[in-house]
Structures are given as structure tokens and as C-alpha cells.
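Student: Next come a sequence and a model predicted from it.
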Amino acid sequence: MSLRDILIYPDERLREIARPVDSFEPALAELVDDMFETMYQERGIGLAATQIDEHRRLFVADVSEDRSGALAFVNPEILAREGTVESEEGCLSIPGINETIARAERIRVRAQDAKGKTFEQDLEGLLAICFQHELDHLEGRLFIDYLSPLKQQRIRKKMQKAARRERV
């Protein structure tokens, strides 16, 4: 396993649409392991392959407090949505920014595990929110895209300013 670099907004590679995973070779399992290690190192609860510049339809998540709920979702899709809930979200690719976003409260999803086995699952609560957030990454969307253009512009400037400070 190894740590991967996380792309930081406004890096345009975060806008790339991920392609489906069609091969479940051992390298995919290594990628999943790397993603879990990177996510845990950065204290995240979800990480999409897009965020580490791997543009494949895959993300990992673990919303447990003791890291016992590791889940990998390959070729994920939402089959049904129900209700609406607002919650504060952050993102490993947009550090230091948290905003309230409305998402479906409950979702029915289909995905494959890292070995290619297809499963369906009903999700709610934080895992449902995390699933929707990470799925957005695979479509080239970020949680800040749900904000007003003015807020998006302020966040973009703040992130560009932070990037300039790091280069100095």
C-alpha cells in the first residue's frame, strides 16, 4: 500500500468524468488499498479515485468511528432516492471549506465490490450523504457546485490564494 497525492481544487482534473471499471485485476485491489490508506491518513470518510487522478468509477468510504466500516464501491449508481436532508459537508480536495448541502435522505444503490461482485444496498444517514458526495466526484462535480455562484467564486479565490502561499 502507498499514500497517493490528493488533487486540490481548483485543479481541473477534478472535473474529469470517470470511466467505468471493466477489469478487476489485482492492480485494482492495490488501488483500493492505496485509497483506503490515503483516506485514513487524511482523516476522511470517503475518497473517489478521481481525487487521486485515477479516473475510474470507484470510491471508498468508511463512516465508522473505529475504521471498521470500510466499503469499496466500483461502478456505483443510485437506483432510487427518497426524502431530502441538509448537512454540512467538507472535502479532502477542498480543505478548510465546509458548507451545508441538501442531499437525498435515503438511497438505494447498486455497485460492485473490488472483486467484481455486484450488490445492491439501501443507505441512509451519513453513508448515504457520503455515497452521493463521492459519486459526484466521478461525474466531475464538487459539493461547492451546489452553492451560489458568488460563494463558488469566493471559495475559488480562497483556494487559489492558499495555493500561492504554499508555493512561496
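Tutor: Perfect, I can see it now.

Student: any idea of the pLDDT on the residue most central in space within the chain?
Tutor: Centroid-nearest residue in the chain: Glu134, 2.8 Å away (criterion: CA atoms, centre = their mean). Per-residue confidence (pLDDT) for Glu134: 98.

Student: my guess is it meets Ile45, correct?
Tutor: No. Using CB atoms under 8 Å, Glu134 is not in contact with Ile45; the gap is 9.4 Å. No exception for glycine: its C-beta is placed from N, CA and C like everyone else's.

Student: Overlap of the contact sets of those two?
Tutor: Ala61 (CB atoms under 8 Å, 6 or more residues apart in numbering).

Student: what's the spacing between Gly140 and Arg81?
Tutor: 20 Å (CB to CB, to the nearest Å).

Student: End to end on stretch 112-122, go ahead and measure it.
Tutor: Stretch 112-122 has an end-to-end distance of 14 Å (CA to CA, to the nearest Å).

Student: Where do the strands of the chain begin and end?
Tutor: Assigned by DSSP state E, the strands in the chain fall at 46-48, 58-61, 71-89, 99-112, 118-124.

Student: Serialize the ones you listed to TSV and add fields for mean neighbour count, distance to Thr38 and mean pLDDT.
Tutor: Listed next are the strands of the chain as TSV, based on neighbours: other CB atoms under 10 Å; distance: least, CB to CB, whole Å; pLDDT from 0 to 100:
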stretch	mean neighbour count	distance to Thr38	mean pLDDT
strand 46-48	28	6	98
strand 58-61	27	9	98
strand 71-89	15	13	98
strand 99-112	17	20	98
strand 118-124	13	23	98
